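>>> Quick one, fold the following:
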Amino acid sequence: INSKKYQRLCRSRCSGAHTESVTANNIQIGDLIVLNEGDRVPCDMVLLYTENEHGTFIKTDQMDGETDWKMRKSCGSVQKKYASYCDILRCLNGTLTFQAPHKDIYAFVGKLECFNHESNETVTDALNLENTLWASTVIASEGICVGCAIYLGCETRSQLNTNKKQNKMGKIDRELNLFVKALVAMLVLIAFLMTVLKMWRFDTFDWRSYIYFVRYVLILSDIIPLSLRVYMDMSKIWLSVQIQKDPKIEGTLVRSTTIPEELGRVQFIFTDKTGTLTKNKMLFQKLQLKPPLIFKASDYKLIHYHCITHLWYDKKRKMKKKASSKQASSSLLMSIDELSVKLRNELNGKNSSNNNNNRSSRINTSRGRDRSKSVLSQHSYHNISEHVCECVQALALCHNVTPIIKESITYEASSPDEISMVKFTAECGVQLLARDTQQITLRLYENVEHNSRGGNFMDISFEILKIFPFTSESKRMGILLRNNTDNEIVFYAKGADSVMKNMVEHTDWLQEEVENLSREGLRTLVFAKRTMTASEYEEFRSKYHSASVLMNSVQRSLQMESIRSNYCEQDMHVLCVSGVEDELQDNVQSSIETFRNAHIKIFMLTGDKIETAKVIARSSRLVSYGQEIYELMVRNKRDGYHKLDILYSKLQRGRGSIPDNDHLNNASVVVDGQSLEIYMSDANLQQQFLECVIHCAVVICCRCSPTQKAEMVRCVQQTTKQICLAIGDGGNDVSMLLAANVGVGIVGLEGQQASLSSDFSIYKFEYLVNLLLW
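Model (predicted):
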């Protein structure tokens, strides 16, 4: 890696700027490095310039274990000012300020101050995680990127989160070594005593005493069980060969023949989520609107009909205002009229055949015409179509998905949930056509059949004013847009129901419907919108920019969050609730049930969101339905002690101050990475926290860095003195696999780094049952 060559921008007197070849180990802080598609980032950088205006995608599977591409954006002032990357070094004059290196891969604070020679002013760009390229990530987009090196070598995020590999030794080996040491000591003692007695008999101590001592050591050397060590090693090798030949766990590799007997001693399992318990394949299943409106993924034609109907009424209303003649209507509206008749006939036939499906669509479905009439009496058909169209538009706009157009359209995003939603809206005839840093374009087709997309269509474009990415603290994502058709400014937001319910107008159906979808094992997101006036937006933009350039990370985040909440997230209108299924690995539920019956406790350590981890824990039966999950999220040490006391008081039964162990063993707790760092920072708090979690049936740790995963494994091992097994499939799981007594790597979509660093390599999570209970 250190010998790989990269291109560095340099100044010259003749040409002004040129590139020179430099190896990775010779890169210095402040160097401008040119990267192309497929290049692995050699050090931590700030992205200054990209040939693609919308930014560049990077692969972070070896950093955080997520296979989805992440969008990274260049510095605004540099991107807009320079037409070519060669102009950057020739004309750029500024100062880059950033924080000291630390382990958190999800946080970065900095600013770039550039002097504008034309206006004689200094332009300041606020830098955050979206402007960074961490070492070990890979450039995934076409075009040239230019980054400025900020952290090198052991100061990079990847190196700060890496642990050194240690030789593992089984319990039998440790006990045997202890016995051998005792026998050697006994051998030396007996030989010494016999030598002393021998010399005392002849009443002399000379050079012959050393010869007698060596003679007695050789005579008594049979005390050392050398053959036992040989037989043990041979038996371990035979067991390893039998494991690899087992047809029930085909493809299993034993990379460490010193600890196969430890598989039968495992008491704790530490597992990753993405790619280990799940396949990381998201499927959009349901769209819940205000009851009784709910649609399944198979109802895409009905949803498309509602969108077309709303567009038809909207167009017709505008045409009446312009006093246009009927002959002036477009061919699209003619096709929409014909399509509406066709779909009405199709839906009427569907009503008569789907009497048992009372939740696929509450309109024109299971209960026939009587129910449809009762619904239509409460809502006009036009209002229903308008509501459905707004919801589909929210799904198609509120995301960070970028379409990649080559032979066909593919989508890339940092979250597979968002890709599944965009694909669903495309099936409904509303396709994400194009996106850059300034604009989003949607295309509405008149026909939803995949082989008929060449018909009439209508393009709708929106200007991107501001994007608020998802964070583990905010638990929501938002986007501020301006419709280029009527200049309406709309703020869309989506997030967890626990957060969104405090931002939207009061509804009596939201919480109940979210719980219903969660019981089905679906990941839920609440969508809402708010319309802003032009004056409100200008005031918001000015204050938000002032807060974003502050270098104090705490003050910056607090002020930006306050401005966002006051101007955008007040009295929002609830649109819908989405239900997305994360497909589980084969036989995960039965495997977890088998481990539970074997009294093996499971810890789920993931870098994903809290809400997502909860849903997967319930759908995989890691947490049974109806079982309460206690949250241990804290902000300081005092809050940590308080939360643990509350947990103990909830679990307490009968008399005394100590909870019943049986009651505690049925509890499930969840903690995030920030809170875990607080719990581990104080010795007393750490001890109390570990005593609590090791007695719980299930522990879920979310937003964990690789270092935190390894630290959690080590702490449980040291506290319980039991055998712990860690299983994962990504590069971010390597530290955890190395820290555990037994590391099991899964060969999956995230590469073979975890498999090569593990003690045992398997292809499926279900193979772990046969491996442990073989």
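>>> Could you list the residues in contact with the host helix or strand of Asn383?
For Asn383, the element it lies in under DSSP states H and E is helix 381-397. In this structure, residues lying in contact with helix 381-397 by C-beta atoms under 8 Å, 6 or more residues apart in numbering are 287, 289-290, 293, 295, 303, 306-307, 309-311, 313, 363, 375, 421-422, 424-425, 428, 430-432, 440, 442, 462, 479, 481, 492, 494, 527, 529, 575-576, 578. To be clear about C-beta, it is placed using only N, CA and C from the backbone, and glycine gets the same treatment.
>>> Mind listing residues that contact stretch 155-165?
With C-beta under 8 Å, 6+ apart as the test, stretch 155-165 has contacts from 43-44, 62-63, 101-105, 134-136, 151, 153-154, 705-707, 710, 732, 734-735, 738-739, 757.
>>> try 7 Å
By C-beta atoms under 7 Å, 6 or more residues apart in numbering, the residues outside stretch 155-165 that reach it are 43-44, 63, 101, 103, 105, 134-136, 153, 705-707, 710, 735, 738-739.
>>> Now intersect those with the strands, please.
Within the contacts of stretch 155-165, residues falling in strands by DSSP state E are Asp44.
>>> So which of the contacts of stretch 155-165 are in helices?
Under the assignment DSSP state H, the contacts of stretch 155-165 contribute Pro706, Thr707, Ala710, Ser735, Leu738, Ala739 to helices.
>>> Can you tell me which of these is closest to Asn487?
Distance to Asn487 across those (C-beta to C-beta) is lowest for Pro706, with 47.0 Å.
>>> quick one: low-confidence ranges for the stretch 51-200 of the chain?
Counting by pLDDT under 70, the stretch 51-200 of the chain contains low-confidence ranges at 64-68, 81-85, 89-91, 117, 163-165.
>>> wait, doesn't Tyr49 sit right on Gly76?
No - counting by C-beta atoms under 7 Å, Tyr49 stays clear of Gly76, with 10.8 Å between them.
>>> In terms of neighbours, single out the busier of those two.
A count of neighbours by other C-beta atoms under 10 Å puts Tyr49 above the other of Tyr49 and Gly76, at 22 against 15.
>>> Show me the contacts of helix 381-397 that map onto helices.
Reading helices off the contacts of helix 381-397 with DSSP H, I get Ile303, His306, Cys307, Thr309, His310, Leu311, Tyr313, Val375, Met421, Val422, Phe424, Thr425.
>>> Now render those as CSV, adding neighbour count.
Shown next, in CSV, are the ones in helices among the contacts of helix 381-397 (neighbours: other C-beta atoms under 10 Å):
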residue, neighbour count
Ile303, 26
His306, 25
Cys307, 26
Thr309, 22
His310, 22
Leu311, 20
Tyr313, 16
Val375, 17
Met421, 28
Val422, 23
Phe424, 23
Thr425, 26
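>>> Which two of those residues have the greatest separation?
Top of the distance list for the ones in helices among the contacts of helix 381-397 (C-beta to C-beta): Val375 and Val422, 29.0 Å.
>>> how many other residues sit next to the residue nearest to Val401 when sequence neighbours are not counted?
Counting by C-beta to C-beta, 6 or more residues apart in numbering, the nearest residue to Val401 once its immediate chain neighbours are dropped is Ala413, at 4.2 Å. By the measure other C-beta under 10 Å, the count of residues near Ala413 is 20.
>>> From Glu121, how far out is Ala413?
Using C-beta to C-beta, to the nearest Å, we find Ala413 at a distance of 36 Å from Glu121.
>>> what about the residue nearest to Val401, distance to Ser420?
Shown here: Ala413 relative to Ser420, a distance of 10 Å by C-beta to C-beta.
>>> how about Gly495, what does it touch?
So Gly495 contacts Lys475, Arg476, Met477, Leu525, Val526 (C-beta under 7 Å, 6+ apart).
>>> Most neighbours among the residues you listed, which one?
Neighbour tally across the contacts of Gly495 (other C-beta under 10 Å): the maximum, 28 neighbours, falls on Val526.
>>> Read off the pLDDT value for it.
pLDDT recorded at Val526 is 93.
>>> For it, which non-adjacent residue is closest in space?
Computed as C-beta to C-beta, 6+ apart, the closest residue to Val526 that is not its neighbour in sequence is Met500, at 4.0 Å.
>>> and the one you found, backbone torsions?
Per-residue torsions, Met500: phi -70, psi -30 (degrees, to the nearest 10).
>>> who's Met477 bridged to?
Beta-bridge partners of Met477, counted by DSSP bridges, are Lys494.
>>> returning to that earlier point: after the helix holding Asn383, which helix or strand is next? Please name it.
That would be, after helix 381-397 and using DSSP H and E, strand 402-405.
>>> Can you tell me the strand partners of that following strand and which way each runs?
Paired neighbours of strand 402-405 in the sheet (DSSP bridges): strand 409-412 (antiparallel).
>>> buried stuff in the strand it pairs with?
For strand 409-412, burial by neighbour count (16 or more other C-beta atoms under 10 Å) applies to Tyr411, Glu412.
>>> Return the distance of it from the chain's centre.
Centre-to-centre, strand 409-412 and its host chain are 19 Å apart (C-alpha atoms, centre = their mean, to the nearest Å).
>>> Same question for stretch 538-551.
On C-alpha atoms, centre = their mean, the centre of stretch 538-551 falls 29 Å from that of its chain.
>>> Let the chain start at 36 from now.
Sounds good: first residue 36 from here, last item stretch 573-586.
>>> how about that stretch: buried residues?
Phe575, Lys578, Tyr579, Ala582, Ser583, Leu585.
>>> Help me confirm that Ser570 is found in a helix?
Yes - Ser570: assigned to a helix according to DSSP: H, G, I helix; E, B strand; the rest coil.
>>> Report the separation between it and Ser449.
33 Å.
>>> Of the two, give the one with the bigger neighbour count.
Comparing Ser570 with Ser449 by other C-beta under 10 Å, the one with more neighbours is Ser449, at 22 against 8.
>>> wait, is that one part of a strand?
No - using three-state DSSP, the assignment for Ser449 is coil, not a strand.
>>> Leu67: what's it in contact with?
Leu67 makes contact with Arg43, Leu44, Ile123, Leu124, Val181, Cys183 under the criterion C-beta under 7 Å, 6+ apart.
>>> which phi and psi does it have?
Torsion angles at Leu67 (phi, psi; degrees, to the nearest 10) stand at phi -100, psi 110.
>>> Leaving out sequence neighbours, find the closest residue to Gly286.
Using C-beta to C-beta, 6+ apart and skipping residues adjacent in sequence, the residue nearest Gly286 is Tyr798, 4.7 Å away.
>>> Just give me the neighbour total for the one you found.
By other C-beta under 10 Å, the residues close to Tyr798 number 15.
>>> Tell me the buried residues in stretch 206-219?
In stretch 206-219, counting by 16+ other C-beta under 10 Å, buried: Asp208, Leu211, Val215.
>>> what comes into contact with it?
Ile258, Ile259, Arg264, Met267, Thr293, Glu296, Glu297, Arg300.
>>> Would you mind checking these for buried ones?
Buried members of the contacts of stretch 206-219, counted by 16+ other C-beta under 10 Å: Met267, Thr293, Glu297, Arg300.
>>> any idea of the mean pLDDT for stretch 454-472?
Rounded mean pLDDT across stretch 454-472 is 89.
>>> what does it contact?
With C-beta under 7 Å, 6+ apart, stretch 454-472 has contacts from 88-90, 108, 317-319, 332, 335, 338-339, 342, 427, 430-431, 434, 436-438, 446, 448, 476-480, 483, 494, 499, 613, 615.
>>> Ok, stretch 305-318 next?
For stretch 305-318, contacts defined as C-beta under 7 Å, 6+ apart pick out 100-102, 451-452, 454-455, 615-620, 623, 637-641, 643, 648, 651, 655, 748, 759, 761-765, 768, 771, 775, 781, 783-785, 800.
>>> ok, 6 Å please
Stretch 305-318 is touched from outside by 102, 451-452, 455, 615-620, 623, 638-641, 643, 651, 655, 748, 761-764, 768, 781, 783, 785, 800, with contacts defined as C-beta atoms under 6 Å, 6 or more residues apart in numbering.
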